[in-house]
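[1] Using only what follows, build the 3D model:
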Amino acid sequence: MIVTLGVHPWIGLSDRVRLGAVTRWVTPDLADRALARCGRRDGRAGALPALFMVYFTLALALFQQDSYDDVAEHLAAGVAGMSGHVPNRASFTRARQRLGPQVLEAVFRDLARPLAPAGLDGSFYRGMRLAAVDGFVLDAPDTDRHPRAGRRGGGQLP
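    Sure, this is the predicted structure:
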């Protein structure tokens, strides 16, 4: 079953979860299209819906400091019919396995694009589009190609 854009009882997720900004871009319609392209449909009755799992997986990435159970509890609290009944961890794990990585890749590909128009001053430098990445971590091995300047033993930054 594909849930179409319309009234989704969990789009008004709890303010504690703070997914409002995410639902501005990852709309239910966009997520539905990604699910359809990847052939992910809701299976048996009682299983966690694939559309819900898209948002749950995004919430896990956004709130890494919170436990798996806390994220599940907060999301379930914002869903009509799930409040007070949080499925067990195994249910979430099986639902994430059914969802697979292809759906989130499809969502990313639908969203990843330049935001600044080509003619906007400051959006290009020497013919290359400027980009910003937030929350990016890159581990590089200590080799002669990667100088140790400012590093402690083991490649750790100060």
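[2] could you point out which element follows the helix or strand bottoming out on mean pLDDT in the chain?
    Scoring the helices and strands of the chain by mean pLDDT, DSSP states H and E places helix 20-25 at the bottom, with a mean of 76. Following helix 20-25 in sequence order, the next helix or strand is helix 28-37 (DSSP states H and E).
[3] and that following helix, what's its mean pLDDT?
    Averaged across helix 28-37, the pLDDT comes to 93.
[4] repeat for stretch 46-53
    Stretch 46-53 comes out with an average pLDDT of 83.
[5] Now it: buried residues?
    Using 16 or more other C-beta atoms under 10 Å as the test for burial, stretch 46-53 gives 48-53. All C-beta atoms are positioned from the backbone trio N, CA, C, and that covers glycine.
[6] Which members of those define the maximum pairwise distance?
    Leu48 and Leu51 (9.6 Å; C-beta to C-beta).
[7] could I get the buried residues of stretch 46-53 as a markdown table with distance to Ala61 and secondary structure?
    What follows is the buried residues of stretch 46-53, written out as a markdown table (distance: C-beta to C-beta, whole Å; DSSP: H, G, I helix; E, B strand; the rest coil):
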| residue | distance to Ala61 | secondary structure |
| --- | --- | --- |
| Leu48 | 17 | coil |
| Pro49 | 19 | coil |
| Ala50 | 17 | helix |
| Leu51 | 17 | helix |
| Phe52 | 15 | helix |
| Met53 | 13 | helix |
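[8] Out of the residues you listed, which is nearest to Thr27?
    Of those, the one sitting nearest to Thr27 (C-beta to C-beta) turns out to be Leu51, at 10.7 Å.
[9] can I assume the closest one is in contact with Ala34?
    No. The criterion here is C-beta atoms under 8 Å, and Leu51 misses it with Ala34 at 9.8 Å.
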